[in-house]
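**Q** Just to be clear, the model below is a prediction. Sequence and coordinates:
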Amino acid sequence: MSALDWPGLESLEFDAPQRAFGRKGEAPAQLAEASLLHSEPPAVDIRERLHGICALYAHARSPQQRLALLERLEELTLETAHLLAVDLLRNGWRDDG
């Protein structure tokens with residue numbers, strides 16, 4: 001899986017610096033308005049991706065294909081947990097225990 005496969009990084013190639021690093025503020029990625037950190041996260045349809053992984057797993061022909069799909073399922077699960085944690089924190093959840 002490449003970095004561009006993660007949600008929100010589809011525009012990474014457009015945010016990539018056009019000049020050498022070291023000259024702060026000159027590269028598009030260093031400007032606040034171009035930063036992914038200052039924008040709303042894109043809508044993520046995790047359910048569709050989960051259904052896709054399950055369908056591919058059902059038709060996988062080899063143990064290697066199934067293992068690769070299980071790894072994708074694990075990545076999707078971790079991504080979902082991360083998004084849930086971020087949402088909870090943004091909405092004021094605090095651990096009182």
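**A** It's in.
**Q** in this structure, what secondary structure element scores lowest on mean pLDDT?
**A** Ranked by mean pLDDT, DSSP states H and E, the weakest helix or strand in the chain is helix 12-15, scoring a mean of 48.
**Q** next SSE after that one?
**A** Per DSSP states H and E, helix 12-15 leads on to helix 46-58 as the next helix or strand towards the C-terminus.
**Q** Show me what that following helix is packed up against.
**A** In terms of contacts (3 or more Cβ pairs under 8 Å, 6 or more residues apart in numbering; DSSP states H and E), helix 46-58 is packed against helix 63-90. From N, CA and C alone the C-beta is placed, and that goes for glycine too.
**Q** Can you point out the buried residues in the helix it packs on?
**A** Buried residues in helix 63-90, counted by 16 or more other Cβ atoms under 10 Å: 69, 72.
**Q** and that helix with helix 46-58, angle?
**A** Inter-element angle recorded for helix 63-90 and helix 46-58: 170 degrees (by axes from the mean of the first three to the mean of the last three Cα atoms, to 10 degrees).
**Q** tell me the mean pLDDT for helix 63-90?
**A** Here the mean pLDDT over helix 63-90 is 92, rounded to a whole number.
**Q** Which secondary structure elements does that helix sit against?
**A** Contact partners of helix 63-90 among helices and strands, from 3+ Cβ pairs under 8 Å, 6+ apart: helix 46-58.
**Q** How about residues contacting the helix it packs on?
**A** If you take Cβ atoms under 8 Å, 6 or more residues apart in numbering as the criterion, helix 46-58 is touched by 65-66, 69-70, 72-73, 76, 79-80, 83.
**Q** Kindly export that helix (C-alpha atoms) in CSV.
**A** Once non-C-alpha atoms are left out, helix 46-58 reads as follows in CSV (Å, rounded to 0.1, in the frame of the first residue of the first chain):
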residue,chain,number,x,y,z
ILE,A,46,-15.3,2.5,5.1
ARG,A,47,-18.3,0.2,4.5
GLU,A,48,-17.7,0.1,0.8
ARG,A,49,-14.0,-0.7,1.2
LEU,A,50,-14.9,-3.4,3.8
HIS,A,51,-17.4,-5.0,1.4
GLY,A,52,-14.8,-4.9,-1.4
ILE,A,53,-12.2,-6.7,0.8
CYS,A,54,-14.7,-9.3,1.8
ALA,A,55,-15.8,-10.0,-1.8
LEU,A,56,-12.2,-10.3,-2.9
TYR,A,57,-11.4,-12.6,-0.1
ALA,A,58,-14.4,-14.9,-1.0
